[in-house]
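Colleague: Return a 3D structure for these sequence lines:
(chains A and B)
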Amino acid sequence: SQTIHQWPATLVQPVGSPLSLECTVEGTSNPNLYWYRQAAGRGLQLLFYSVGIGQISSEVPQNLSASRPQDRQFILSSKKLLLSDSGFYLCAWSVGFEYAQYFGPGTRLTVT
Amino acid sequence: GESVGLHLPTLSVQEGDNSIINCAYSNSASDYFIWYKQESGKGPQFIIDIRSNMDKRQGQRVTVLLNKTVKHLSLQIAATQPGDSAVYFCAENKGDTGRRALTFGSGTRLQVQP
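Modeller: Below is the predicted model of the structure:
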């Protein structure tokens, strides 16, 4: 069966520091991968999606970036965090042309 | 854990009662809909989905109803249990055949009273 991992689970970082969040999927090949951010009291905002290695599409212009160095690995990065980057970051996967997405456990990021 | 939905609409039901959570969508091009359950501090969990060529789909204790005329989606949970307490999100695809992306609603908090 497929599983999705995210780490770290929680992170507290100062403003201006770099960020690297990692997501890996097991049990499937060539998944579509997604990064979402969820602010308190809000729904999920799509940040990036990827349909293959090295293929990244950005949905929202901001100081975040994403990379997909391996088929089942998706990384969310920032060179300099802003206070507004605080939130709950979720990685998700889907397969082929299916719409159903399956989420990881999330990373709670607090920028201080 | 993470507090999601501090100011969300809240539905409070008694344990054992049936729950109905509603969702309105805006895009008539949407042809795929999905419901997720999110417990505090966790990622959303897939519950059930439905395509626009159906108006009803049933799962274990859950039923999704789709009314395309009024662009309305509902999730019915039978015999609600304390473990059903969570925030529930609906999502639609907005007819997006390229990105396979979903657009999420803001969520409804379900509170089950023992």
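Colleague: For A:V25, which residues are in contact?
Modeller: A:V25 sits next to A:Q2, A:T3, A:I4, A:H5, A:P31, A:L33, A:R72, A:F74, A:W93 when contact means Cβ atoms under 8 Å, 6 or more residues apart in numbering or on different chains. Placement of C-beta: from N, CA and C, glycine included.
Colleague: could you redo the last one with a cut-off of 6 Å?
Modeller: Listed by Cβ atoms under 6 Å, 6 or more residues apart in numbering or on different chains, the contact set of A:V25 reads A:I4, A:P31, A:R72, A:W93.
Colleague: so the first one makes contact with A:F103?
Modeller: In this case it means A:I4. No: using Cβ atoms under 6 Å, A:I4 is not in contact with A:F103; the gap is 7.1 Å.
Colleague: most distant residue from the middle of chain B?
Modeller: B:G98 (23.6 Å; Cα atoms, centre = their mean).
Colleague: In terms of pLDDT, where does that one sit?
Modeller: On the pLDDT scale, B:G98 is placed at 70.
Colleague: Give me the distance between it and B:S28.
Modeller: Counting by Cβ to Cβ, to the nearest Å, the separation of B:G98 from B:S28 is 18 Å.
Colleague: what do you get for A:S29?
Modeller: Separation of A:S29 from B:S28 (Cβ to Cβ): 35 Å.
Colleague: Residues of chain A that sit close to chain B?
Modeller: Residues of chain A lying near chain B by Cβ under 6 Å from any Cβ of the partner chain: A:32, A:40-41, A:43-44, A:46, A:49, A:88, A:90, A:94, A:99-100, A:103-106, A:108.
Colleague: In strands, which of those appear?
Modeller: In strands, defined here by DSSP state E, the members of these are A:N32, A:L44, A:L46, A:Y49, A:F88, A:L90, A:S94, A:F103, A:R108.
Colleague: From B:E15, how far off is the fifth one?
Modeller: Going from A:F88 to B:E15 by Cβ to Cβ gives 28 Å.
Colleague: So for these two, which sits in the more crowded spot?
Modeller: Between A:F88 and B:E15, A:F88 has the larger neighbour count (other Cβ atoms under 10 Å in any protein chain shown), namely 24 against 13.
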